[in-house]
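**Q** Could you look at this predicted model? Sequence included:
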Amino acid sequence: MKTNERKYYIDNLRWLILLVLIPYHTAQAWNTWGEPNYIYFERNRLISSIIVFFSPYFMPLLFLLAGISTRYALQKRTCKEYIVERAKRLLLPLTFGTIVIMPVMCYLGDKFNYSYDGGFFRHYSVFFTKFTDLTGADGGFSFGQFWFCLYLFVISAIVSGVLALIKYKSEETQKIFPFGVVTLLGLPLPFLSEILSIAGKSLAEYTYLFLLGYFVFSNEKTIESTQKCRYQLLGIGFLATILNVYLFLWCDKEYIFLNVALKFMSEWFMILALMGIAKGHLNFTGKVSDYMTKRSFLFYTWHFIWVVSFQYLLFELVGNNTIVLFAGTVILSYLAAFICTEISIRIPLLCFVTGTKYNKYQ
């Protein structure tokens, strides 16, 4: 299976998912389950519903898409070339983000949550010497959103290394799985979710999804089968997602087993549905698509620092006004993130440290 045809629906689905991150991370300031956050206001079930609605499937889907992209990449590169490219694309922004962006976010978190009264440069030493829960909410060390770069590099390196070791060729004909079997491939997810898990992020689960992307979903026949049933899959996934939100946030009784089952049903069926919808409706290119595809990772790099900064500043200005704090943060963060993206993409050094290919004509 070798093809030079670009799968635009993969690019389009990826940047659409990433756009969700600003309202998602903004909502963390009102989570009802006590998760530490750089800025935390109060419990709010309605705003927390945004998090619970998206959290089961949007990051898992990114790892599955990464697995698909890796198969296509290894048809054009050797494993060594691929690892070098992954290091540039993932380790450089991980390093830049950890040294430049995360100290600012954790400094603001320490000031807001723990009334830290020292200066920013003094806090730099706190950031690099204080290791607690890795959330950064207490000012301690954190990778923040750049955990994704770390996990993806580790998974990519391991998988490509094993494939090279066993001399597996990406051009080899793939096994075609019946649609019924594909729907059952999500069954291992709840059992993997606690294996090699750091701060609720399971390396085992994400590796499994990456492998599914590489071996199963890079086959167009698989995607076509999800495309045919995309609305039925969406119906199941949406229902599971809504019920998961209700049981987790709004129901007075605890139904732990049912809640867990619905969470992983949401994860898998929404992934299947979104892959089918993307294949059917997002397999195109154009000005918007091309623009966002080139800038999506830069948007990912810059979005969170603005969410934290505007929440901190707006609280100082308007106090605990939930509507202004949420809506203002979302609007201003989108604006600031895209401004930073436009600046970065025009400066070769910033492109380099953020893992973005520089093109003066972009």
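**A** Great, that's in hand.

**Q** Buried ones in stretch 87-97, by neighbour count?
**A** Judged by neighbour count using 16 or more other CB atoms under 10 Å, the buried positions of stretch 87-97 are Arg89, Leu90, Leu92, Pro93, Leu94, Phe96, Gly97. Heads up, the C-betas are built off the backbone N, CA and C, glycines and all.

**Q** whoops, stretch 97-108 was the one
**A** Going by neighbour count (16+ other CB under 10 Å), the buried part of stretch 97-108 is Gly97, Thr98, Ile101, Met102, Pro103, Val104, Met105, Cys106, Tyr107, Leu108.

**Q** Need the distance between the two termini of that stretch.
**A** Distance between the two ends of stretch 97-108: 16 Å, counting by CA to CA, to the nearest Å.

**Q** gap between it and the chain center?
**A** Centroid separation for stretch 97-108 versus its chain: 19 Å, with CA atoms, centre = their mean, to the nearest Å.

**Q** Okay, strands next: where are they in the stretch 101-250 of the chain?
**A** In chain order, the stretch 101-250 of the chain shows strands spanning 197-198, 201-202, with DSSP state E, counting those that start in this stretch as the criterion.

**Q** Closest to Phe128 out of the buried residues of stretch 97-108?
**A** Nearest to Phe128 among these is Pro103, at 8.0 Å by CB to CB.

**Q** name the element the residue most central in space within the chain belongs to?
**A** Taking CA atoms, centre = their mean, the centroid of the chain lies closest to Met59, which sits 4.0 Å from it. According to DSSP states H and E, Met59 maps onto helix 58-74.

**Q** in the following helix or strand past that helix, what's buried?
**A** Following helix 58-74 in sequence order, the next helix or strand is helix 79-86 (DSSP H and E). Residues Cys79, Tyr82, Ile83, Arg86 are the ones in helix 79-86 that count as buried (16+ other CB under 10 Å).

**Q** how far away is the first one from Lys169?
**A** Applying CB to CB, to the nearest Å, the value for Cys79 to Lys169 is 11 Å.

**Q** Pass me the low-pLDDT residue ranges in the chain, would you?
**A** Low-confidence segments of the chain (pLDDT under 70): 1-4, 170-173, 360-362.

**Q** by how many degrees do the lengthiest helix in it and helix 58-74 diverge?
**A** Counting residues, the longest helix found in the chain (DSSP state H) is helix 287-318. With axes from the mean of the first three to the mean of the last three CA atoms, to 10 degrees applied, the angle from helix 287-318 to helix 58-74 works out at 150 degrees.

**Q** Run through the neighbouring helices and strands of helix 287-318.
**A** Counting by 3 or more CB pairs under 8 Å, 6 or more residues apart in numbering; DSSP states H and E, the packing neighbours recorded for helix 287-318 are helix 8-19, helix 21-27, helix 92-96, helix 102-114, helix 322-344.

**Q** Buried residues in it, which are they?
**A** Judged by neighbour count (16+ other CB under 10 Å), helix 287-318 contains these buried residues: 289, 292-312, 314-315.

**Q** Out of the helices and strands packed on helix 287-318, flag the one nearest Asn219.
**A** Once CB to CB is applied to those, the stretch that comes out nearest is helix 8-19, at 13.3 Å.

**Q** Just the C-alphas of that closest one, formatted as CSV.
**A** As requested, C-alpha coordinates have been extracted for helix 8-19 and formatted as CSV (Å, rounded to 0.1, in the frame of the first residue of the first chain):
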residue,chain,number,x,y,z
TYR,A,8,-6.5,16.0,3.8
TYR,A,9,-9.2,14.8,6.2
ILE,A,10,-6.4,13.8,8.6
ASP,A,11,-5.0,17.4,8.6
ASN,A,12,-8.4,19.0,8.8
LEU,A,13,-9.6,16.8,11.6
ARG,A,14,-6.4,17.4,13.6
TRP,A,15,-6.6,21.2,13.5
LEU,A,16,-10.3,21.2,14.2
ILE,A,17,-9.6,19.1,17.4
LEU,A,18,-6.9,21.5,18.4
LEU,A,19,-9.2,24.5,18.2
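
**Q** centre of the chain versus that helix, how much separation?
**A** Taking the mean of its C-alpha atoms, helix 8-19 sits 11 Å from the chain's own mean (CA atoms, centre = their mean).
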